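Asks: the sequence and its predicted three-dimensional model are supplied below.
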Amino acid sequence: MNDSIYNILEQKIEIIHQQGSVDLALVGPIQLPVQLSDQEITFQWYTWVSLKDLPSSKEDLLKALPNANLAFSQQSSILVYGDFSSADESFIRFHSICHTGDIFGSKRCDCGFQLQQSLKMIVENGSGALFYLANHEGRGIGLFSKSLAYLLQQEGYDTVEANEQLGFEDDYRSYEEAIRILKTFRTKPVSLITNNPKKVTSLSDAGMLVDRTVPLWGDVSDHNKKYLQTKIDKSGHVKGLETGLLS
């Protein structure tokens, strides 16, 4: 990490000390535009992390993040609809947890839209399942690290560059456990709701047949258009022709 990156992040991190307690690291504020009904409201977003197994020095903390495994303390779940096991055609969605998009309705990504829309598509299809995957926050870097990446994005770095500047790769996600669970529910082929060919490859490599893929683009705004375009240009996602997202 160079001095320029460190200076951007260091001033946004506060180490909180309390005698007899584990130190905490607080990061923020981060501008978070959120859709509330018919209004777009910008909140200031903060996250914190316990430093029980991490250094309390800001510089050492930033260096330690790639090996801290902050995402690996959650559990995944599934929402199943209809006769998922036996139906001839079932939709599935491997949805990575997105605290800001799924919960707060952040406009900086399209995750909340994809979550709600994929559930609607599953119901309209008559059967399917949504796998809500923990350990996937920020493509596998964890919420605290994702908040630091957001700070860098506010300075002009794209989502891939921000992760790389923090010492991470573009994508750490694994679908191995989800596929193992999927196989306990269903042996027939599935229709996969995704823009990400890597998910199809993961299923195919595990011996799971994919009848077709169903792209899911939408909720494009000035806040996330660069982010979505970067996923096409650098992460191999399919083009979103209907939204003007072209590589």
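Replies: Cool, got the structure. Source: prediction; values computed, not measured.
Asks: after the helix of greatest length in the chain, next one along is what?
Replies: The longest helix of the chain (DSSP state H) is helix 111-125. Using DSSP states H and E, the helix or strand that follows helix 111-125 in sequence is strand 128-133.
Asks: quick check: angle from that following strand to helix 111-125?
Replies: Comparing the axes of strand 128-133 and helix 111-125 via axes from the mean of the first three to the mean of the last three C-alpha atoms, to 10 degrees yields an angle of 160 degrees.
Asks: strand 128-133: partners in the sheet, and parallel or antiparallel?
Replies: strand 77-81 (antiparallel), strand 91-96 (parallel) (DSSP bridges).
Asks: now the helices for the protein?
Replies: 3-10, 58-64, 111-125, 137-140, 143-154, 159-165, 176-185, 197-205, 225-235.
Asks: between these, which one is nearest to Q44?
Replies: With C-beta to C-beta as the criterion, Q44 lies closest to helix 143-154 of these, at 11.6 Å. All C-beta atoms are positioned from the backbone trio N, CA, C, and that covers glycine.
Asks: so which elements touch the closest one?
Replies: helix 3-10, strand 24-36, strand 39-50, helix 137-140, helix 159-165 (3 or more C-beta pairs under 8 Å, 6 or more residues apart in numbering; DSSP states H and E).
Asks: how far off strand 24-36 does that helix point, in degrees?
Replies: With the same axes, to 10 degrees applied, the angle from helix 143-154 to strand 24-36 works out at 60 degrees.
Asks: could you list the buried residues of helix 143-154?
Replies: Residues of helix 143-154 classed as buried: L143, F144, S145, K146, S147, L148, A149, Y150, L151, L152, Q153 (neighbour count, 16 or more other C-beta atoms under 10 Å).
Asks: also stretch 8-23?
Replies: Within stretch 8-23, the residues scored as buried using 16+ other C-beta under 10 Å are I8, L9, K12, I13, D23.
Asks: quick one: end-to-end length of that stretch, please.
Replies: Using C-alpha to C-alpha, to the nearest Å, one end of stretch 8-23 lies 22 Å from the other.
Asks: give me the contacts around it.
Replies: Contacts to stretch 8-23, defined as C-beta atoms under 8 Å, 6 or more residues apart in numbering, come from residues 24-30, 48, 50-52, 56, 58-59, 61-62, 148, 151-152, 155.
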